[in-house]
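> Dropping the sequence and predicted coords here.
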Amino acid sequence: MTVYALISLQGVFLALFFIILGYIIFILFSFRDIVPYVPTPRIIIRQMVNMAEIKSGEKIVDLGSGTGRIIIEVAKKHKKNLVIGVEKSFTLRTVTKLRLLFHPMLRTRIQVINHDFFNLELQSFNVVFCFLTPEAMRILTPKFKQLRKNSRLISYMFHLEEYQGFTETMEHVTTKDSIYLYKKV
C-alpha cells in the first residue's frame, strides 16, 4: 500500500470518527428538550406501520419525525397517502431531505415541516405516529382526544394515561419494547 493510500485511508477514518462523534454529541444535547432525539429501531417501525392498518387516501403524520425513517417506511408501503413529518430540528430535517434524495418517487407524497407539534392541529389526520415521552404524551392528550372517529394513534414505548374515547391495544415486541395503538371511537 502506498503512502498516499494510507493517508487517504486515515482521512476517511478520521472523517468517520468526527461524524460519529458529532452524532453522539447531537443526541446528548437533544436530551435537554422535552422530547429528545432517540432513533426508533427498524423492527419497531415495521410493526408500528403494520399496526396502523393504513387505508388508501388516509393522511398520516409523524410527530417528531427525526431522520424520516417512519415516514419513508409508510410512503413505501402505502402509495396513495400523504405522509407528513413534523420536526423542529434543522439537522434532522436536513437528514430526512438527504434520505429522500435516494427515494425520488416518494418525495411527492412526503412533506417534512418545521413546526412545534405541541401547537399542531391534529384533527385532519387519520393516523398519528409518535415516540415521545410521558410528559409530552400528557401535554398532547387534549389534542389526541380531538382526533376524528376511527383515527389511530400509534405510540412507541409510552401509553396514554387518559384514553377515554379510544380503544387501546398494546403489543409487546420485546421484553422492554411496547407499541400502543389507540383507535378513536
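Structure received.
> excluding its backbone neighbours, what's nearest the residue nearest the centre of the chain?
In the chain, the residue lying closest to the centroid (C-alpha atoms, centre = their mean) is residue 65, at 3.5 Å. Spatially, and ignoring its direct neighbours in sequence, residue 65 is nearest to residue 85 (2.9 Å; C-beta to C-beta, 6 or more residues apart in numbering). Quick note: C-beta positions are derived from backbone N, CA and C, even for glycine.
> How is the one you found assigned, secondary-structure-wise?
Assigned with DSSP: H, G, I helix; E, B strand; the rest coil, residue 85 falls in the strand class.
> about what we covered before: what about the residue nearest to the centre of the chain, is that helix, strand or coil?
Residue 65 ends up coil, using three-state DSSP.
> So it is in contact with residue 83, correct?
No - in this structure, residue 65 is not within contact of residue 83 by C-beta atoms under 8 Å, at 9.2 Å.
> Need the residues touching each of these two.
residue 71 (C-beta atoms under 8 Å, 6 or more residues apart in numbering).
> any idea how far residue 78 lies from residue 69?
15 Å (C-beta to C-beta, to the nearest Å).
> Could you pull out the helices in this structure for me?
Ranges of helices in the chain, per DSSP state H, are 3-30, 42-52, 69-77, 90-100, 134-145.
> tell me the most buried of the ones you listed?
Highest mean neighbour count among the helices of the chain (mean count of other C-beta atoms under 10 Å): helix 69-77, with a mean of 21.
> Quick one: distance of that one to the chain centre.
10 Å (C-alpha atoms, centre = their mean, to the nearest Å).
> swap in stretch 77-85?
13 Å.
> just stretch 15-22 next, same as before
Worked out by C-alpha atoms, centre = their mean, stretch 15-22 lies 24 Å from the chain centre.
> Do me a favour and average the pLDDT over that stretch.
The average of the pLDDT scores along stretch 15-22 is 73.
> How about stretch 158-172?
For stretch 158-172, the mean confidence score works out to 94.
> what's the span of it from first residue to last?
12 Å (C-alpha to C-alpha, to the nearest Å).
> so how far is it from its chain's centroid?
Distance, centroid of stretch 158-172 to centroid of chain: 19 Å (C-alpha atoms, centre = their mean).
> Next: stretch 150-169.
With C-alpha atoms, centre = their mean, you get 16 Å for stretch 150-169.
> try stretch 173-185
For stretch 173-185, the distance to the chain centre is 15 Å (C-alpha atoms, centre = their mean).
> Dump stretch 76-94 to PDB, restricted to CA.
C-alpha atoms of stretch 76-94 as PDB (Å, rounded to 0.1, in the frame of the first residue of the first chain):
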ATOM      1  CA  LYS A  76     -43.000   2.900   0.600                       C
ATOM      2  CA  LYS A  77     -45.900   0.700   1.700                       C
ATOM      3  CA  HIS A  78     -48.800   3.000   1.000                       C
ATOM      4  CA  LYS A  79     -48.600   4.600  -2.400                       C
ATOM      5  CA  LYS A  80     -51.800   6.700  -2.200                       C
ATOM      6  CA  ASN A  81     -51.200   8.500   1.000                       C
ATOM      7  CA  LEU A  82     -49.900  11.900   2.100                       C
ATOM      8  CA  VAL A  83     -47.300  11.500   4.800                       C
ATOM      9  CA  ILE A  84     -46.200  14.400   6.900                       C
ATOM     10  CA  GLY A  85     -43.200  14.500   9.200                       C
ATOM     11  CA  VAL A  86     -43.200  17.200  11.900                       C
ATOM     12  CA  GLU A  87     -39.700  18.100  13.000                       C
ATOM     13  CA  LYS A  88     -38.300  21.200  14.700                       C
ATOM     14  CA  SER A  89     -34.600  20.300  14.400                       C
ATOM     15  CA  PHE A  90     -32.900  21.700  11.200                       C
ATOM     16  CA  THR A  91     -30.300  19.000  11.400                       C
ATOM     17  CA  LEU A  92     -32.800  16.200  11.400                       C
ATOM     18  CA  ARG A  93     -35.000  17.700   8.700                       C
ATOM     19  CA  THR A  94     -31.900  18.100   6.600                       C
END
